[in-house]
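> give the three-dimensional model of this entry:
(chains A and B)
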Protein chains: 2
Amino acid sequence: MPDDSIDDLCVTTIRTLCMDAVQKANSGHPGTPMGLAPVAYTLWQRFLRYDPADPVWPNRDRFVLSAGHASTLLYALLHLAQVQAVDPAYETLGELSVKLDDIKRFRQADSKCPGHPEYRWTSGVEATTGPLGTGAAATVGLAIAARWMASYFNRPEYTLFDYNTYALCGDGDLMEGVSGEAASLAGHLGLSNLCWVYDNNRITIEGSTSIAFTEDVATRFIGYGWNVTRVGDANDREMLARAFETFQREHHRPTLIIVDSHIAYGAPTKQGTPSAHGEPLGEDEVRATKRVYGWPEDAQFLVPDGVVERFAEGVGARGRTLRRAWTELYERYRVEYPELADHLARMQRRQLPKDWDAQIPSFPADAKGLATRDSSGKVLNAIAKEVPWLIGGSADLAPSTKTLLTFKGAGAFGPDGEQGRNLHFGVREFAAAAVANGLSLAKVRPYWSTFLIFSDFARGAIRLSALMELPVVHIFTHDSIGVGEDGPTHQPVEQLASLRAIPGLLVIRPCDANEVAEAWRVIMRLRHEPAALVLTRQAVPTLDRAAYAPASGLAHGGYVLADPADGAPDVILVATGSEVHLAVQAHEQLDAEGIRSRVVSMPCWELFERQSKEYRDQVLPPSVTARIGIEQAATLGWERYVGAEGSVIGMHTFGASAPLKALLSKFGFTPEAVVRLAKEELGVKA
Amino acid sequence: MPDDSIDDLCVTTIRTLCMDAVQKANSGHPGTPMGLAPVAYTLWQRFLRYDPADPVWPNRDRFVLSAGHASTLLYALLHLAQVQAVDPAYETLGELSVKLDDIKRFRQADSKCPGHPEYRWTSGVEATTGPLGTGAAATVGLAIAARWMASYFNRPEYTLFDYNTYALCGDGDLMEGVSGEAASLAGHLGLSNLCWVYDNNRITIEGSTSIAFTEDVATRFIGYGWNVTRVGDANDREMLARAFETFQREHHRPTLIIVDSHIAYGAPTKQGTPSAHGEPLGEDEVRATKRVYGWPEDAQFLVPDGVVERFAEGVGARGRTLRRAWTELYERYRVEYPELADHLARMQRRQLPKDWDAQIPSFPADAKGLATRDSSGKVLNAIAKEVPWLIGGSADLAPSTKTLLTFKGAGAFGPDGEQGRNLHFGVREFAAAAVANGLSLAKVRPYWSTFLIFSDFARGAIRLSALMELPVVHIFTHDSIGVGEDGPTHQPVEQLASLRAIPGLLVIRPCDANEVAEAWRVIMRLRHEPAALVLTRQAVPTLDRAAYAPASGLAHGGYVLADPADGAPDVILVATGSEVHLAVQAHEQLDAEGIRSRVVSMPCWELFERQSKEYRDQVLPPSVTARIGIEQAATLGWERYVGAEGSVIGMHTFGASAPLKALLSKFGFTPEAVVRLAKEELGVKA
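Numbers count the residues shown, from 1 in each chain, chains lettered A, B, ... in the order given. Next up is the predicted model:
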């Protein structure tokens, strides 16, 4: 029998820390942590394989608080379990991550306890959460990664990877579509290393869940192929333990544990009320609740003697033993499997193997050329052969996005022992991106793909890649009206601008096969930034790089591709992707007419902005104000490069359904239109 | 017994039209229409209450092809049923919408048969579809509208509204999260007037659905509270009819009919293969398939005698009878309930009642002021009292977004006979926006709300509002780092730019309560454009409009709010929303220092762009190049207004968790920073 009194003390300590933190901040969400404290405590103390002294141990169990608004619950756990800080090179330091003072400064500037948990800010936070559903969806990626890494790294007698992933979810998490997509995928894959705990507290912001959410969640998850179990009282730690044991015994399906709880458990007037969700309880209610708990009502942020010690002998002792055994195992593994050990070490540090880029092709000049989705597929395969932990797939569009790894041994990742590298996400873009985030959190290198238009569906997760500083590769093909006959529902217009607006995301739209190769060189070297690689459906010429500047200019974001045969340019044509060829055509026509023009290929605005002013002024000399931007997209933002006196040939409406040639003419993407506008800019009569 | 031979002929005519259209276009999706032809035919011929001579009859059953890539199926139905064209005032014309020539010109410029069905382009298309899941989700809005309109307009003996809504969905539709959200909501509401047919053809683009989609859909929908039935063979029209009868007999739950079908039914080598999804069959396979069908293999676009007549005696005759009876009923209703009839007529034409704006408050100057979410709540309530068909709600954030209608009689819309005007969408942003589109398609005037950050989750539907030209009101509060303590996961940065990039969407960010009132005046008059109303969480002053320009300037998108006491301005401060007050503070400080500045309030870029050049140059005189843009958002696009020599005070990173005051200082949104930059712009030493 566990010692109930000390465990009760621990649970109450968590609850009161959460109440106090929210009360002191006068902002936050007290109710959910109070309800869930015994659930999280039971999981951490009795099940989680986690060493607080080494929170980046690769085979640790992952605990993701998908209900990120309940952040104080996580902070209380991190503090009481004495989770250590980690430095940027992922070596442990002897300092606590979340100190009591951080909890006291919950939601204040620079506290390690921000409003919602932030990955890379607070040690022990496995994922940035708060946008509902996305945390749960990311755990599917963590669970896939565990299985994939087990398959790649484990060897007989060397079980390096067998971690489990847990998520705490609220009603909101389960109402969001992304969690449904992810759960369906997890059920399909039979991820028995994944456990979601559903906090069934029956309260949402607008009131009882009965006003909007009366579905039978258990039946739905059974439909997804999950193992579903139920705990009728969140305070019943023995029943909770049995549920977690049920999870651990299940070897074919993910597990959902539905826990009936009371929001703001113990608060005399606020338990079970919507106001306890997102508002401080109020000082009187805090005191009254402490009385109910048998807690000294004047004490704030009280951690009684014995509590930290209890965590140390629970999760702490178990984790230390497991981690030490793992480390010993790994030391032997390094001797026996030095190459794999090297891979694991590089992967953990987000480093690349030697010669990772040895097989990247260079593409000969070719007027007919090929679609950048095709050249990207070739480059991706060339790199993936050398980077075994580069894995990914498509939201049911691999034949179109050209993201299938086709070389021998790449294989598929599926249920029933398929442990290859090609993931099939299904028609689930949001979950695909969220799962990619989860894969990246586990340090494998993920990519996923869809059509650019459907990047809209996944924005909630793309933003999180950027916020978490994860080097996820988002591959978006069919990048313009070049889609043609599928029409305006499938032709992106606003997506480039809206991706460029995301802080920290590199948006790269290469113009030909060799820029694609350079784009991948840039992308693969990223360690803390996601990229969106934007590719054409239709063939584009492969430029003759003897006649035009080398594609390596892509690394600068923008570069001079072509200049007048002699003299300085009078007009500059700036373009990205497929429109670079239109600019080149116009440049040649202008040249024939004796008008001096420059073509600037500008595949990545973000990289260009990072160059020195000197470089930028070389590419776009301030003295040349006659400028034309050309891009088959919304023009928002182009004034940055064409200036007040320049013009933009872009999309001002949605597209239309017709063959591409008809659309180019309809929307003004013709050499004649560019030449005419260039002359207007220069005041030259046509 | 129905005459099987003529019905077989009709089904084969549909199938061959679809094959021929895709083959001639050499682009498109032949397989799904071939598989689903008998399903759609059975529904249209035997159940759909639809008059092809009046495709905008308000009480018609709605048929939405959520699997929009199967568009030829819809076009074949519209042609064979002889659906008439409608003019913009929604009076019927005596001309066919989809002519055989349009089908022959499938996917060509200006054909009435674009790649995916487009609302407002082709008569009889009830919703623009193609982005998977969104069509199905919109049908939930159509079904809610039917129930709401029944409650509002029906009277004893006058059943004006009792239409049913049908959707044809594919695997992709059901994998997308948005359909899950919408289905959960529909089940909660017990929308027994809603029927989804799920085309279980077991094929997706990447291969068999078994690679990614093995969940038990029936069980999932039972979990949602749906009635689920199954038809084992899509060609068994009698079993299909029984399933539709089952739907019609169900009075408490929505119905899902799972139909097992064969993609590219009848094609000798392509039936049941992924290639039949998105590629033409090829001429040889088309011929071979026609042989299988017993069809003349050289005939193209063949409509045998008797087919059009068969449709006329089926859906045509039934629809005519029903619509005529309805029209007679409505004529009597006009006499007995003239006010309601007037409402119905105005609603159908997207007109407003007289005096709709009579109760809009004007707000007295107030330095403390109120949050624009609060003033918006007041204005919304004032308008909603006068516009009974203005209905909406929130994705579980009504207490925060202030969108609850609180006046007597507003009521809630829920299951069990709650037929009020406050919808509870649950934590389901994407579905909320898609449902709002559906409500708008039924001509009620919808709004929905969430935090601006979560507009990301709903972009797929916001875009469709714009593409369909639906006057949906998207209300987004908590619009900046003003969110404060909730931190970067909840602080929008890139959302303003990304909404502004959507063609046809008005993005309005008012600066105070009176601009909010003016924003609503603009929004309510929109008939074919959606708007995004962007509002603060935090209080902002209500400007003294005697001292500053009147708020009616909002209708121009941007206007001069304040000018120097005398003389022309030397520097212009352009701002939106809460930052207008920062600009005003800086302006006053500059004024005190003898520096002449102008403040431009720029709440809606799209409206400003529509003004004459003369007006725009008055507001932003080209001669004044010292300009500063101020907005707590990504700066993308601001160069348009501040020019090459101007500056922008905006967000260049994600936000942070802290009280607002600390954030304003951290990110440089202080009067001092603005004044300093203004001086730099002017070259004045501080």
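> just name the shakiest helix or strand of chain A by mean pLDDT.
Least confident helix or strand of chain A, by mean pLDDT, DSSP states H and E, is strand A:92-96 with a mean of 73.
> who's in contact with A:Gly629?
Contacts for A:Gly629 were tallied using C-beta atoms under 8 Å, 6 or more residues apart in numbering or on different chains; they are A:Val574, A:Ala575, A:Thr635, A:Trp638, A:Tyr641, A:Val642, A:Gly646, A:Ser647, A:Val648, A:Ile649, A:Gly650. Any C-beta I mention is one placed from the backbone N, CA and C, and that applies to glycine too.
> which residues touch A:Pro364?
Neighbouring residues of A:Pro364 by C-beta under 8 Å, 6+ apart: A:Thr542.
> that one in helix, strand or coil?
coil (DSSP: H, G, I helix; E, B strand; the rest coil).
> likewise for A:Glu631?
strand.
> so can I have a markdown table of the contacts of A:Gly629 showing neighbour count?
A markdown table is the format used below for the contacts of A:Gly629 (neighbours: other C-beta atoms under 10 Å in any protein chain shown):
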| residue | neighbour count |
| --- | --- |
| A:Val574 | 26 |
| A:Ala575 | 27 |
| A:Thr635 | 20 |
| A:Trp638 | 28 |
| A:Tyr641 | 22 |
| A:Val642 | 24 |
| A:Gly646 | 21 |
| A:Ser647 | 19 |
| A:Val648 | 22 |
| A:Ile649 | 24 |
| A:Gly650 | 21 |
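> which ones are touching A:Gly133?
Shown in contact with A:Gly133 (C-beta under 8 Å, 6+ apart): A:Ser66, A:Gly172, A:Asp173, A:Leu174, A:Met175, A:Glu176, A:Gly177, A:Val178, A:Ser179, A:Ala182.
> inside helices: which ones of the contacts of A:Gly629?
A:Tyr641, A:Val642 (DSSP state H).
> where is pLDDT lowest across the contacts of A:Gly629?
Least confident by pLDDT among these: that is A:Gly646, with 90.
> how near is that one to B:Asp216?
58 Å (C-beta to C-beta, to the nearest Å).
> kindly report the same for A:Thr204.
Distance from A:Thr204 to B:Asp216, counting by C-beta to C-beta: 27 Å.
> just the strands in the stretch 151-300 of chain A please.
A:165-169, A:194-200, A:203-204, A:207-208, A:227-231, A:255-260 (DSSP state E, counting those that start in this stretch).
> so which elements touch the first one?
Helices and strands touching strand A:165-169, as assessed by 3 or more C-beta pairs under 8 Å, 6 or more residues apart in numbering or on different chains; DSSP states H and E, comprise helix A:31-46, strand A:62-65, helix A:134-153, strand A:194-200.
> centre of the chain to the next helix or strand after the second one, how far?
Using DSSP states H and E, the next helix or strand after strand A:62-65 towards the C-terminus is helix A:71-80. Taking the mean of its C-alpha atoms, helix A:71-80 sits 23 Å from the chain's own mean (C-alpha atoms, centre = their mean, to the nearest Å).
> report the distance from stretch A:73-85 to the chain centre.
On the basis of C-alpha atoms, centre = their mean, stretch A:73-85 sits 24 Å off its chain's mean C-alpha point.
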